[in-house]
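Chemist: how would this look folded up:
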Amino acid sequence: MALANVSLQIEKNEFVAIMGSSGSGKSTLMNILGCLDQQTSGQYWLDGQEVGCFDDTTLSAIRNRHIGFIFQTFHLLPRMTAVQNVMLPLRYSGVDTALARERARQMLELVGLGHRMEHKPFEMSGGQRQRVAIARALVNQPKVIFADEPTGNLDSRTSEEILGLLRALHREGQTIVMVTHEPEIAAHAQRIIRMNDGAVVEDRLCAV
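Modeler: Here you go, the predicted structure:
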């Protein structure tokens, strides 16, 4: 889906939900904002840098240093323990193993999984796996977290727990951009951007 004259600004410490049906352009927008894809025209500024013209190597480094991703399907490596999965972004950054493990332990404690550090994904529930994914997204202290349908594979009770965790992170200063097609999930954000046919058709603040 091509984007049509999309112009928006997301401030530090905002919690934004990008809504739209399948094919509306919300995933394309998130991929550009997350430096997974590049726009063919226009500009994209991230933390004071115009990143739209950077090469793949530079974009990869920006993703690793400044961006955390949370996906619907968790994207955990099945043969690794929780702490090993959370350590991965730090290892890619060249951080010492002992320091990376300690930072990963802290993040797992933060999301309530300090007691599951040595468990592998198949030994955990869906909600626990998503908490591991959130810990991994946080471990490099990113400028922004992009959450793509983060509750899509979870039951309603577990979804509320994960959304509560995202709200808590936002209260502590984390910038979060969440893609969803569900109005009840988007309602947990402080701002909703609605897309249709590649265009922003609504951009409003909401009470949370």
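
Chemist: Mind checking what secondary structure the residue nearest the centre of the chain has?
Modeler: Per CA atoms, centre = their mean, the C-alpha nearest to the average position across the chain is that of residue 146, at 2.5 Å. In the three-state summary, residue 146 is assigned as strand, counting by DSSP: H, G, I helix; E, B strand; the rest coil.

Chemist: What distance do you get for it to residue 125?
Modeler: As judged by CB to CB, to the nearest Å, residue 146 and residue 125 stand 23 Å apart. Glycine gets a C-beta too; all of them are placed from N, C-alpha and C.

Chemist: What helix or strand is residue 162 located in?
Modeler: Assigned by DSSP states H and E, residue 162 falls within helix 156-171.

Chemist: Now do that helix: distance to the chain's middle.
Modeler: Relative to the chain's own centre, helix 156-171 is displaced by 13 Å; criterion: CA atoms, centre = their mean, to the nearest Å.

Chemist: immediately after it, which helix or strand?
Modeler: Past helix 156-171, heading to the C-terminal end, the next element that is a helix or strand (DSSP H and E) is strand 175-180.

Chemist: how about the helices in this structure?
Modeler: With DSSP state H applied, the chain shows helices at 26-33, 56-66, 82-92, 97-110, 126-138, 156-171, 183-186, listed in chain order.

Chemist: buried ones in the fifth one?
Modeler: Residues 126-138 are the ones in helix 126-138 that count as buried (16 or more other CB atoms under 10 Å).

Chemist: Repeat that for the second one.
Modeler: When neighbours are counted by 16+ other CB under 10 Å, the buried residues of helix 56-66 are found to be 59, 62-64, 66.

Chemist: what comes into contact with that helix?
Modeler: Outside of helix 56-66, the residues within contact range by CB atoms under 8 Å, 6 or more residues apart in numbering are 34-36, 38, 46-47, 49, 51, 54, 69, 89, 92-93, 140, 142-144.

Chemist: Now, of the residues you listed, which are buried?
Modeler: Using 16+ other CB under 10 Å as the burial test, the contacts of helix 56-66 include 34-36, 46, 51, 54, 69, 89, 140, 142, 144 as buried.

Chemist: Rebuild those residues as JSON lines, extending it with pLDDT and distance to residue 120.
Modeler: Supplementary listing: the buried ones among the contacts of helix 56-66 in JSON lines, determined by pLDDT from 0 to 100; distance: CB to CB, whole Å:
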{"residue": "34", "pLDDT": "94", "distance to residue 120": "27"}
{"residue": "35", "pLDDT": "92", "distance to residue 120": "30"}
{"residue": "36", "pLDDT": "91", "distance to residue 120": "27"}
{"residue": "46", "pLDDT": "92", "distance to residue 120": "34"}
{"residue": "51", "pLDDT": "89", "distance to residue 120": "35"}
{"residue": "54", "pLDDT": "89", "distance to residue 120": "36"}
{"residue": "69", "pLDDT": "95", "distance to residue 120": "21"}
{"residue": "89", "pLDDT": "92", "distance to residue 120": "19"}
{"residue": "140", "pLDDT": "92", "distance to residue 120": "22"}
{"residue": "142", "pLDDT": "94", "distance to residue 120": "25"}
{"residue": "144", "pLDDT": "96", "distance to residue 120": "29"}
